[in-house]
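Visitor: Next input, structure requested:
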Amino acid sequence: MASSPARPLLLLSLAWGLACGPKAPGETTDTTDTTDAPPGTSAPDPGSTATTSPTGSTTSDEPVPVTTTANPTTGIVTTGVLTTGDSGDTTEDDGSFIITPDVGGPACAGVASKECDPWTQDCPSDSKCTPSSGSCDEFSRNICSELPAQPVPVGGACVSEDDPLSGRNDCELGATCWFVDPDALTGTCVSLCKGSPDVPDCSHVPDSTCVFVHGDGVAPMCLPTCHPFVATCPSGHHCHPTPHAPDTFACIPAGAEPLSTEFDICEEETGCAEGLLCTDAATAAIECEPGAPCCTPLCDLDAPVCPGVGQVCLAYYPPGQSPPGFENIGRCGLP
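Guide: So this is what the prediction gives:
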């Protein structure tokens, strides 16, 4: 039998062995990137940024399911992120934003407004129908724009919002801001044409005629009439016969594209620079490309000068039909 002094040493050895022995499975610490997954689950990807929250749920920066619904009438698109709550139920965190509805027109059009008819002014009572570019370089549509609290009458100074062709301005019903300075965005209120596209009318505005600005009847404006030999048109405009009434000269906007010069091919009636007419090649000049219309000058019947070989100054108006003051207008062409 062991002596009594040896008993404390034996007990101390047993206690030391228990303290330094293997830990319980739940107390094991692993300093490597690999973790054994519980039965029935997979271990996390070493490249994943998943973390474990204090509640035991796992979060990740991976994309989450998103739902998108659209109202075809209002153009409102609603998006929601699907999430799972503590109870396991799926809920949707809604958010919404407005997108531009598809209203046709050129691809650059970006005006989210109702298209309207400038001839009938069919917008709601608190708005007006005005031409708008839709962020393009030219007018592409007519939109309902809010009427200002103090509308500016035709002939008054106006301000165009955002850009010269936005269509949002402080002019009165049936008018829009034109001759706009691109930097100051200030211009003059001009009347839109009355009547119809087939029979436009500007008789309510003295010394004006209806001009379909930028073509296609989108922007019918009553613009000033002019004389081609007298420089009276505002900047960016030149005196030219109007397409729908070639017997009337008006201040036509130059447009975004460069205008054709003398003897160059012209693709439309208003495509020539100031003082030139788009004329059929057969009667214009031998310098023109055969079979293609080209630009030839106007001329003064009282002092005829024409640049083309064999060209003569021909009367622009039929005999006895020229307006007062326009009797000397001629065009250069082949006899």
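
Visitor: Ala250 contacts Thr242, correct?
Guide: Yes - counting by CB atoms under 8 Å, Ala250 does reach Thr242; the two are 5.0 Å apart. In short, each C-beta sits where N, CA and C put it, glycine included.

Visitor: Distance of Gly167 relative to Asp126?
Guide: Gly167 sits at a distance of 16 Å from Asp126 (criterion: CB to CB, to the nearest Å).

Visitor: cool, and His244?
Guide: As judged by CB to CB, His244 and Asp126 stand 32 Å apart.

Visitor: more neighbours, these two?
Guide: Ranked by neighbour count (other CB atoms under 10 Å), His244 and Asp126 place His244 first, with 17 against 8.

Visitor: before we move on, the earlier item: find residues that contact each of Ala250 and Thr242.
Guide: Thr209, Val211 (CB atoms under 8 Å, 6 or more residues apart in numbering).

Visitor: These two - which one has more neighbours?
Guide: Taking neighbours as other CB under 10 Å, Ala250 and Thr242 compare with Ala250 leading, 24 against 21.

Visitor: Give me the pLDDT value at the more buried one.
Guide: Note on Ala250: pLDDT of 94.

Visitor: ok so it is a strand residue?
Guide: Yes - Ala250 forms part of a strand when assessed by DSSP: H, G, I helix; E, B strand; the rest coil.

Visitor: Please report the distance of it from Pro234.
Guide: Ala250 is 12 Å from Pro234, where distance means CB to CB.

Visitor: before we move on, what about Pro148?
Guide: Distance, Pro148 to Pro234, using CB to CB: 23 Å.

Visitor: right, and Cys266 touches Thr296 too?
Guide: No - using CB under 8 Å, Cys266 makes no contact with Thr296, being 9.6 Å away.

Visitor: Comparing the two, which residue is more hemmed in?
Guide: Between Cys266 and Thr296, counted using other CB under 10 Å, the more crowded position is Thr296 (29 against 23).

Visitor: and the more buried one, what does it touch?
Guide: Neighbours of Thr296 in contact, by CB under 8 Å, 6+ apart: 262-263, 276-277, 279, 284-285, 288, 306, 308, 311, 331-333.

Visitor: next one: Tyr316
Guide: By CB under 8 Å, 6+ apart, the residues touching Tyr316 are Leu298, Ser322, Phe326, Ile329, Gly330, Arg331.

Visitor: Quick check: nearest residue in space to it, chain neighbours excluded?
Guide: Nearest residue to Tyr316 in three dimensions, chain neighbours excluded: Ile329, at 4.3 Å (CB to CB, 6 or more residues apart in numbering).

Visitor: where's that neighbour relative to Gly275, distance?
Guide: For Ile329, the distance to Gly275 - CB to CB - is 11 Å.

Visitor: cool, Gly187 as well?
Guide: To Gly275, Gly187 is 25 Å away according to CB to CB.

Visitor: quick one: which of the two has more around it?
Guide: Shown here are Gly187 and Gly275; by other CB under 10 Å, Gly187 has more neighbours (21 against 15).

Visitor: what's the burial count for Ala273?
Guide: By other CB under 10 Å, neighbour count at Ala273 equals 17.

Visitor: next one: Ser203
Guide: Using other CB under 10 Å, Ser203 has 11 neighbouring residues.

Visitor: since we're on Val180, how many residues are nearby?
Guide: Neighbours of Val180 (other CB under 10 Å): 21.
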